[in-house]
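*Asks:* Got a predicted structure here, sequence first:
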Amino acid sequence: MGRFSTLLWDVDGTLLDFLYSQRIALRRCFAQFGRDVTDEMIRRYSQINDRYWKRLELGEITRQELFTGRFLTFFEEYDVRGIDAEAFSGAYQEALGQVYCYIDNSLEICRSLRAEVRQYVVTNGAVSTQTNKLKLSGLYDVMDGVFISDEIGASKPQRGFFDYCLERVEEKDRGKILIVGDSLTSDIKGGAQAGIATCWFRPLGTAGGAEYAPDYEIESLGQIFDILEI
């Protein structure tokens with residue numbers, strides 16, 4: 001048995017390609033509302049969305065303010081009129097849960113780890129969106145549990161989110177639990193504050209992790225086998 005018995009997996013940007021899902025979902029929604037959207041607009045929306053999620057992580061806004069506010073800001077910036085931001089947000093969340101793309105053959109990696117460690121999803125997002133996406137992708141069936149911030153009432157990196165999850169996983173020794181995620185401010189910061197080991201997934205050689213000092217860094221998901229000594 002390796003050092004870790006339990007993995008906490010982030011989903012978006014770690015197991016699944018969120019930018020792919022976001023792009024497809026936005027195109028579908030704009031088409032549904034009879035409008036066009038350009039690649040430049042999608043890139044700009046992504047920046048606005050990231051900013052809103054950072055504000056949520058800092059406790060500056062609520063989840064509902066995030067879900068609607070990002071579209072209010074986006075529509076105002078591009079002078080998009082005649083679309084209700086709340087209705088668009090609902091359609092977007094539904095579309096987002098219907099499309100997925102694996103990162104690094106993530107499903108097969110998680111399947112192959114089932115006999116070695118317990119695995120749980122820890123994700124920020126809407127319950128229906130994340131649950132649908134996990135079930136469609138097959139990831140739901142290979143996990144020992146799924147924890148979604150919308151259901152918990154707290155988001156990564158908040159202590160309340162991690163306390164909730166760690167109270168419910170089978171492993172009680174926090175020294176044997178490892179979180180794997182792409183977000184320094186959400187996964188790595190939150191894991192460190194909760195007293196568990198952290199692994200920063202940084203594809204394409206992303207730099208900038210020194211401030212949060214993750215215990216491990218990987219550039220492809222397959223490197224997790226080395227960390228787990230499998």
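*Replies:* All right, it came through fine.

*Asks:* quick one: buried residues of the helix or strand that contains residue 226?
*Replies:* Using DSSP states H and E, residue 226 sits within helix 224-227. Along helix 224-227, these residues count as buried under the neighbour rule (16 or more other Cβ atoms under 10 Å): 224, 227. Just so you know, the C-beta spots here come from the backbone N, C-alpha and C atoms, and that holds for glycine as well.

*Asks:* for that helix, packing partners?
*Replies:* strand 216-218 (3 or more Cβ pairs under 8 Å, 6 or more residues apart in numbering; DSSP states H and E).

*Asks:* For the spatially closest residue to residue 176 that is not a sequence neighbour, which residues are in contact?
*Replies:* Nearest non-adjacent residue to residue 176, counting by Cβ to Cβ, 6 or more residues apart in numbering: residue 5, 4.5 Å away. Neighbour list for residue 5: 117-118, 171, 173, 176-177 [criterion: Cβ atoms under 8 Å, 6 or more residues apart in numbering].

*Asks:* which of those lies closest to residue 49?
*Replies:* residue 177 (29.2 Å; Cβ to Cβ).

*Asks:* The closest one against residue 3, yeah?
*Replies:* No - in terms of Cβ atoms under 8 Å, residue 177 does not count as a neighbour of residue 3; the distance is 10.3 Å.

*Asks:* between the two, which one's more packed in?
*Replies:* Using other Cβ atoms under 10 Å, the more surrounded residue of residue 177 and residue 3 is residue 177, with 25 against 11.

*Asks:* low-scoring stretches of the protein, by residue?
*Replies:* Counting by pLDDT under 70, the chain contains low-confidence residues at 1, 205, 208-209.

*Asks:* run the last query once more with 90
*Replies:* Within the chain, the segments meeting pLDDT under 90 span 1-2, 203-212, 230.

*Asks:* Quick one: neighbours of residue 117, just the number.
*Replies:* 21.

*Asks:* Just give the closest residue to it, not the sequence neighbours.
*Replies:* Closest residue to residue 117 apart from its sequence neighbours, by Cβ to Cβ, 6+ apart: residue 7 at 5.4 Å.

*Asks:* so how far is the longest helix belonging to the chain off the chain centroid?
*Replies:* Assignment by DSSP state H gives helix 39-57 as the longest helix of the chain. With Cα atoms, centre = their mean, to the nearest Å as the basis, helix 39-57 stands 14 Å off its chain's centre.

*Asks:* just checking, what packs against that helix?
*Replies:* Short answer (3+ Cβ pairs under 8 Å, 6+ apart): helix 39-57 packs on helix 18-32, helix 63-77.

*Asks:* Save those helices as TSV, and put in distance to residue 227 and mean neighbour count too.
*Replies:* Formatted as TSV, these follow (distance: least, Cβ to Cβ, whole Å; neighbours: other Cβ atoms under 10 Å):
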stretch	distance to residue 227	mean neighbour count
helix 18-32	23	18
helix 63-77	32	17
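
*Asks:* Which residue ranges of the protein form helices?
*Replies:* Using DSSP H, helices in the chain cover 18-32, 39-57, 63-77, 85-96, 106-113, 127-137, 149-152, 159-168, 189-193, 224-227.
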